[in-house]
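In: this is a predicted model, with the sequence first.
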Amino acid sequence: MIRDMSLRLTWDPTLADRLRRGLSLSVLGQLGLPEPLSRLLVFGRSDTPPDARMALAAILVPTARGGTVALSPFGLGQAAATRVPDEVAGRYRSTILRRGGFFVLDETGTSQFLVAPGIMRQITVTCGIWPVLMQLVGPRAPARPTSDSEQVAADLDRFCDLVSTVIEAVYVHEELPVPDVELSLRPTAVSVEGAVGTLRRLGQGTAGLFSRLPGTSQPGEMFDPTADVEPGGEPTRFADVGGQDAARAELETICLAISQPDAFKAWGARPPRGVLLYGPPGTGKTMLARALAHEAGARFLYVRATDVVSKWYGEAERRVQQAFDRARSQAPAVIFFDEIDALARDRDLSHEATHRMVSTFLENMDGLHEVDGVIVLAATNRPEAVDDALTRPGRFDRLVEVPMPDRQGRQAIFRVHLRLSERKAGRRLFSDIDDVRWAALLDATDGFSGADVAETVRRALEAKVRSGAKGGEIEPEELIGVASGIVRPF
């Protein structure tokens, strides 16, 4: 889709389809970059047909040390500003702005994209209105229509090409090598809230501005702003969840309710509405819920019991209703209620407030409100404490056990975390483990949950950090020693 270059930015065909059908404000992709930039973040949103339009924004975030230098070709100096179109000469028609930046014009001479400094020292490539990313007063490129599929594809091609060209221009201007990286834009189901975590390095002011983007959580709302992604900034996939093959297989079929709803309609079947994950703590229930949302291409909304419970009359059920309303407005979506037993306990043994909360769940899951494109997931360590009315068919249709991993499961979990650690470090960290040492390691971790296995790997890595080691590999005996020293509560 773009010319041959070291940096490759492309788009997945599913993105064009989602933009034509309507896409709530989402992260389309994010990528780490070397100095003087630190990260590329790409956002997108579109209206629903008819007469729908899409807005795209690519944000080149500078490092604290390299930000001023990186922005100099884009308007922080009159001499530099006049050289900006040289990078796109012969490729695009453009119009230079007096205060820096330039418009890229389409075939009719209409402003298609705007390249300009943002209000937080970034470089932005945008179309549509982004009041928090750009100056509140100033030129903007209009949102692009989505009625013509060929035009959408052409606009996405041009956007990817332009962003790649701008990134190249920064490194060429600084006489630095262009990074050899690749990013494919897609409807990732990663919300803008998740991207805020990657921007916190710029300070609380930046995170606060991004939190006020349309469609993001406001202070005091119940939704976890980093629930969509793991701490490393990458979405969770089913391949990242080890040792729970049966639960994974069950949830993979649930993906069809979101990704292929027409398949159910073709057979006159109602898609499942809810899934209750139950099992001991640390077995991967939350990871499975995240993976389901990502694999299905849906928005993931994470609601904790502590976010809902309130001392004020009627506030708890209002927050539960707010969660369902938001999920419906951003469908396809997966809404995940953690510790559901604290919200919807057996009404015969509960306070009046619990009665009202359970009623809110029942009203939303029984079809009194439209729930197409929304899957409700819940997790509990005590399934017997959940009110029976919620677990009948038509509400939580599936009860999926997420048990403690067996011997083979623990080995799979170890392999996942060893692989993830090496991927983050970008090098080999662990020596090969033969059958004898695997047997010893699995004996030492008998009774461990998935969280305990992850902690074993983390502590082994931490020991290397504390020792000041600069290289080498972790031997199996070190993992066995760490596992033997972990004290598990009874």
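Out: Arrived safely, thanks for sending.
In: please parse the protein into its domains.
Out: According to automatic domain parsing, the chain comprises the domains 8-210, 238-401, 407-485.
In: from residue 358, how far out is residue 241?
Out: Applying Cβ to Cβ, to the nearest Å, the value for residue 241 to residue 358 is 30 Å. C-beta: built from backbone N, CA, C; applies to glycine.
In: which of those two has more neighbours?
Out: For residue 241 versus residue 358, the count of surrounding residues by other Cβ atoms under 10 Å is larger for residue 241: 25 against 22.
In: state the pLDDT value of the more buried one.
Out: As predicted, residue 241 sits at a pLDDT of 84.
In: again with residue 57
Out: pLDDT, residue 57: 90.
In: on the three-state scheme, it is what?
Out: Secondary structure assignment for residue 57 (DSSP: H, G, I helix; E, B strand; the rest coil): strand.
In: which ones are touching it?
Out: 42-44, 124-128, 130, 133 (Cβ atoms under 8 Å, 6 or more residues apart in numbering).
In: for it, name its beta-bridge partners.
Out: Residue 57 forms beta bridges with residue 43, residue 126, as assigned by DSSP bridges.
In: from residue 387, how far off is it?
Out: Taken as Cβ to Cβ, the span from residue 57 to residue 387 is 44 Å.
In: please apply the same query to residue 245.
Out: On the measure of Cβ to Cβ, residue 245 and residue 387 end up 30 Å apart.
In: point out where the stretch 51-200 of the chain drops to low pLDDT.
Out: Within the stretch 51-200 of the chain, the ranges that satisfy pLDDT under 70 run 64-92, 94, 96-100, 118-121, 131-138, 188-200.
In: how about 80 then?
Out: Scanning the stretch 51-200 of the chain with the threshold set as pLDDT under 80 gives 51, 62-102, 107, 117-122, 129-139, 170, 172-175, 188-200.
In: can you give me the strands in it?
Out: Using DSSP state E, counting those that start in this stretch, the strands of the stretch 51-200 of the chain run over 53-62, 93-96, 102-105, 111-117, 123-127, 144-145, 182-185, 190-191.
In: kindly reformat the ones you listed as CSV containing distance to residue 379.
Out: CSV is the format used below for the strands of the stretch 51-200 of the chain (distance: least, Cβ to Cβ, whole Å):
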stretch, distance to residue 379
strand 53-62, 34
strand 93-96, 52
strand 102-105, 47
strand 111-117, 43
strand 123-127, 39
strand 144-145, 40
strand 182-185, 31
strand 190-191, 20
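In: can I assume residue 45 sits in a strand?
Out: Yes: according to three-state DSSP, residue 45 belongs to a strand.
In: test my guess that it contacts residue 54.
Out: Yes: in terms of Cβ atoms under 8 Å, residue 45 counts as a neighbour of residue 54; the distance is 7.0 Å.
In: if I look at those two, which residues touch both of them?
Out: Counting by Cβ under 8 Å, 6+ apart, the residues touching both residue 45 and residue 54 are 23, 128.
In: how about residue 420: what's its closest non-neighbour residue?
Out: residue 240 (6.9 Å; Cβ to Cβ, 6 or more residues apart in numbering).
In: neighbours of that neighbour, how many?
Out: Using other Cβ under 10 Å, residue 240 has 19 other residues around it.
In: and it, backbone torsions?
Out: phi -90, psi 0 (degrees, to the nearest 10).
In: could you find the closest non-adjacent residue to residue 251?
Out: Once flanking residues are discounted, residue 251 sits nearest to residue 292: 4.8 Å by Cβ to Cβ, 6+ apart.
In: what helix or strand does that neighbour sit in?
Out: Following DSSP states H and E, one finds residue 292 within helix 285-296.
In: which other helices and strands does that helix contact?
Out: Packing partners of helix 285-296 (3 or more Cβ pairs under 8 Å, 6 or more residues apart in numbering; DSSP states H and E): helix 245-259, strand 274-278, strand 299-303, strand 333-337, strand 374-380.
In: direction included, what does the fourth one pair up with?
Out: To tie it back to what came earlier, the one meant is strand 333-337. strand 299-303 (parallel), strand 374-380 (parallel).
In: C-terminal to that strand, what's the next element?
Out: Under the assignment DSSP H and E, the closest C-terminal helix or strand after strand 333-337 is helix 352-365.
In: tell me the buried residues in that next one?
Out: 353-354, 356-358, 360-362, 364-365 (16 or more other Cβ atoms under 10 Å).
In: for stretch 10-20, same thing?
Out: Of the residues in stretch 10-20, 10-12, 15-16, 18-20 count as buried by neighbour count, 16+ other Cβ under 10 Å.
In: could you do stretch 24-35 as well?
Out: In terms of neighbour count (16+ other Cβ under 10 Å), stretch 24-35 has its buried residues at 24-31, 33.
In: do stretch 273-291 as well
Out: Buried, per 16+ other Cβ under 10 Å, within stretch 273-291: 273-279, 282-291.
In: gap between the two ends of that stretch?
Out: Start and end residues of stretch 273-291 are separated by 17 Å (Cα to Cα, to the nearest Å).
In: same question for that stretch, mean pLDDT?
Out: Stretch 273-291 shows a mean pLDDT of 88.
In: ok, now stretch 376-392?
Out: 86.
In: in the buried residues of helix 352-365, find the pair that's most separated.
Out: Maximum pairwise distance in the buried residues of helix 352-365, criterion Cβ to Cβ, is 19.0 Å, between 353 and 365.
In: surely residue 336 is in contact with residue 299?
Out: No: if you go by Cβ under 8 Å, residue 336 and residue 299 don't touch, sitting 11.0 Å apart.
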